[in-house]
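Colleague: Need the 3D shape of this:
(2 chains)
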There are 2 protein chains.
Amino acid sequence: MKIICNQKILAHKIGIVQKAINGKTTLELLKGILLTAKEDRINLTGYDLEIGIDTYAQAEVIEEGEIVINARLFGDIIRKLPDTFVEIETDSDNNVYINCLNSRFKIKGDSAVEYPKLPDVNKNELYDIPQDLLKNMIKQTVFAISQDQTKPILMGELLEIGNGNISLVAIDGYRLAVRASELSGVEEDVKVIIPGKTLHDVNGLLASEGDFIKIGFDEKNAIFIINETKIITRLLEGEFIDYKKLLPREYGVRAKVNTKELLNSIERASLLSQSEKNNLIKLSIRDNSMAITSNTEKGNVYEEVSIELEGDYLDIAFNSRYFLEALKVIDSEEIFIEFTTNVNPCIIKPVDGTKYTYLLLPVRISSNI
Amino acid sequence: MKIICNQKILAHKIGIVQKAINGKTTLELLKGILLTAKEDRINLTGYDLEIGIDTYAQAEVIEEGEIVINARLFGDIIRKLPDTFVEIETDSDNNVYINCLNSRFKIKGDSAVEYPKLPDVNKNELYDIPQDLLKNMIKQTVFAISQDQTKPILMGELLEIGNGNISLVAIDGYRLAVRASELSGVEEDVKVIIPGKTLHDVNGLLASEGDFIKIGFDEKNAIFIINETKIITRLLEGEFIDYKKLLPREYGVRAKVNTKELLNSIERASLLSQSEKNNLIKLSIRDNSMAITSNTEKGNVYEEVSIELEGDYLDIAFNSRYFLEALKVIDSEEIFIEFTTNVNPCIIKPVDGTKYTYLLLPVRISSNI
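Modeller: Here you go, the predicted model:
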């Protein structure tokens, strides 16, 4: 193999495929990036047997071929080279020669023969989805994925497509986050569970603005195509919780509140309880205002925000962390918070009609707090 | 005590005095900030019994008084409050009430009676020194301070003033960094050893541009006055190494080289040796070029930079880290590297006449590397 490629572009592409490489693997080959030089491209692949990322850069290919190079070392070297053209050449002993102006490296590579093949996604159809929409959907739900290894299904998110809609759902036993949106041009029903790690990786590769990306599925795998980059991930197997049953149909009390004001108040109210186990805050909902209070060993805090109330007065307590994580990802200026009783879940949803629903369990408190 | 103060200014001042507070101390009182309200100021003090920082903010003092408040909690609260006026009030039980718009905190403070008094610096004279100069002097030497607890004197820097000069010196047994500068208006000779921690703190408070600051000394303490902030530090006791004896008087070989080019080349040459113990790189000095090479298990690298040579060819090896740390803090475009033999220290100094001298011990290598 012998190629010439631009340093900046190559460094950028290495950064992309490194997301799929698990530095802790004991399989030396999987710590490497597979480089494949063919026609006018150098193709880069990283794969941890769960998630594979594949991308390419334009290159002058003097001799086609392939090699595996330790990702960290290769990335460190390419990133430190000057912004000009880099020549990469291999010999029959899998030595890799990297030359750039006055720099000459010789490092040991590995034969590409044994490198595992990424699964083919036998996709019936690829859907177009705006990248900023997908990025936002992931951002608004991914933090609610369970970290509990004993419930592997909940360590992923349910992705549903059908009836002109797409939705992404995460549940961890304490809260539930659903973000939906219209999606035109849908012809089949999709219901798959995507690992949390994949969603984090995909999110890292999505831009806040930009073109559509493509997604596709088969029985076992999903594929995300973002410009020149393909991410292929194994799906989680099993049945996701029927989350729609968990959502209350009606509410008795509804408060309309400014998102940012509430976020700031709860952040301050949590300052005294951060070392305590459940970050307890109490909401006292009255006519035009909601008090947020916290009582701990360190002292106490009283915060007040203006609300518009429908329904009765209510006192209810929450783990502030679960409240804050949702408020931080809601871009809408105002939210509704809907309650039934102080032992039933509440629902947070944007006033502006964005299809986001966040369900949150309260903490039971004795009445004399 | 009862005061009203601007939130942003107060938050900034808390950040300053927090540098002197060691969160790991077992003395609860020393985890606190001493607040003293008097006349039209709120004074803030942090002190770990080695370094004390004292600053103030303008405030409306409704009732004079003093209190100690846990620095972390107080900082967290004030930083999270909105950018407006904050009212702080205490009662006779040392409760602290912090009120700001719709936020009301009540936290437990401590009586200020037991708070230790910062030493008075019985200064004969205060010297004016430009802050950017002092900042640069610290930056160019502080990394060469010893981390060896068995040599406490070397965990500080020698500061000398005399003959119209100021100099700062750090030694750790492998290298020696001296930065000097002219300083007018000096009337006495000063020779003190300032703890490394203090220099880090002072550096953090100095701006890259701005006015003069003041420094002063007595037998046991030094004081730095940066605008409204005073830093008082205990000096290290003992005799510093007579470093001038260590500097070679002459050289046999001298290479003139571009600082940034050499930095980049050595950074790349070190990539293969980073996991090895002494980050060995070899310099091969020839007529118009210097080769930088490294041979490790991972492979080998050859780098070349242009030089102007005086003297003979030379092969010499170094720990690249010690080389890099100096190159990173030299702002001058070109440096001289002066050698005697390949087992004697070399000297790095800027070509532009900046009074900076960095001495560096080579690593002995067998001739067949």
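Colleague: Could you pick out the residues of the stretch 151-300 of chain A near chain B for me?
Modeller: Contact residues, the stretch 151-300 of chain A versus chain B (Cβ under 8 Å from any Cβ of the partner chain): A:264-265, A:267-268, A:271-272, A:298-300. For the C-beta atoms, the positions are set from N, CA and C on the backbone; glycine is no exception.
Colleague: For the residue nearest to the spatial centre of chain A, give its distance to residue A:153.
Modeller: Most central in chain A under Cα atoms, centre = their mean is residue A:200, positioned 3.1 Å from the mean C-alpha point. Using Cβ to Cβ, to the nearest Å, we find residue A:200 at a distance of 17 Å from residue A:153.
Colleague: got it, and residue A:309?
Modeller: 38 Å.
Colleague: More neighbours: these two, which one.
Modeller: residue A:309 (18 against 15; other Cβ atoms under 10 Å in any protein chain shown).
Colleague: Within the helices and strands, which one has the more buried one?
Modeller: strand A:308-310 (DSSP states H and E).
Colleague: Neighbouring strands of that strand in the sheet, and parallel or not?
Modeller: If you go by DSSP bridges, strand A:308-310 pairs up with strand A:253-258 (antiparallel).
Colleague: and the direction of the very next helix or strand once past the strand it pairs with versus that of strand A:253-258, what angle?
Modeller: Scanning forward in sequence from strand A:253-258 by DSSP H and E, the next helix or strand is helix A:259-270. Orientation check (axes from the mean of the first three to the mean of the last three Cα atoms, to 10 degrees): helix A:259-270 against strand A:253-258 gives 100 degrees.
Colleague: Surely residue A:34 and residue A:44 touch.
Modeller: Yes: proximity of residue A:34 to residue A:44 meets the contact threshold set by Cβ atoms under 8 Å, at 7.2 Å.
Colleague: hang on, the earlier thing: from chain B, how far off is the residue nearest to the centre of chain A?
Modeller: 28 Å (Cβ to the nearest Cβ, to the nearest Å).
Colleague: show me what contacts the nearest residue to that residue once chain neighbours are set aside?
Modeller: Spatial nearest neighbour of residue A:200, chain neighbours left out: residue A:142 (6.6 Å); criterion: Cβ to Cβ, 6 or more residues apart in numbering or on different chains. By Cβ atoms under 8 Å, 6 or more residues apart in numbering or on different chains, the contact list for residue A:142 reads A:157, A:170, A:196, A:199-200, A:203.
Colleague: now residue A:345
Modeller: By Cβ under 8 Å, 6+ apart, residue A:345 lies in contact with A:246, A:248, A:359-362.
Colleague: which regions of chain A sit below the pLDDT cut-off?
Modeller: Along chain A, the model assigns pLDDT under 70 to residues A:123, A:274-277, A:366-369.
Colleague: what does the domain assignment say about it?
Modeller: A:1-108, A:124-241, A:246-358 (the TED database).
Colleague: and of those, who's closest to residue B:279?
Modeller: domain A:1-108 (13.9 Å; Cβ to Cβ).
Colleague: does the closest one come close to chain B?
Modeller: Yes: applying Cβ under 8 Å from any Cβ, one finds that domain A:1-108 is in contact with chain B at A:70, A:73, A:76-77, A:80-82, A:95-96, A:102-108.
Colleague: first vs last residue of that domain, how far apart are they?
Modeller: 14 Å (Cα to Cα, to the nearest Å).
Colleague: Tell me the gap between that domain and the middle of its chain.
Modeller: Domain A:1-108 sits 26 Å away from the centroid of its parent chain (Cα atoms, centre = their mean, to the nearest Å).
Colleague: now stretch A:185-198
Modeller: That offset, for stretch A:185-198, works out to 14 Å (Cα atoms, centre = their mean).
Colleague: ok, now which ones touch residue A:216?
Modeller: Contacts of residue A:216 (Cβ under 8 Å, 6+ apart): A:121, A:123-127, A:222-223, A:225.
Colleague: re earlier: mind giving me a markdown table with the residues of the stretch 151-300 of chain A next to chain B and columns for neighbour count?
Modeller: Below are those laid out as a markdown table (neighbours: other Cβ atoms under 10 Å in any protein chain shown):
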| residue | neighbour count |
| --- | --- |
| A:264 | 19 |
| A:265 | 25 |
| A:267 | 17 |
| A:268 | 24 |
| A:271 | 21 |
| A:272 | 24 |
| A:298 | 19 |
| A:299 | 21 |
| A:300 | 14 |
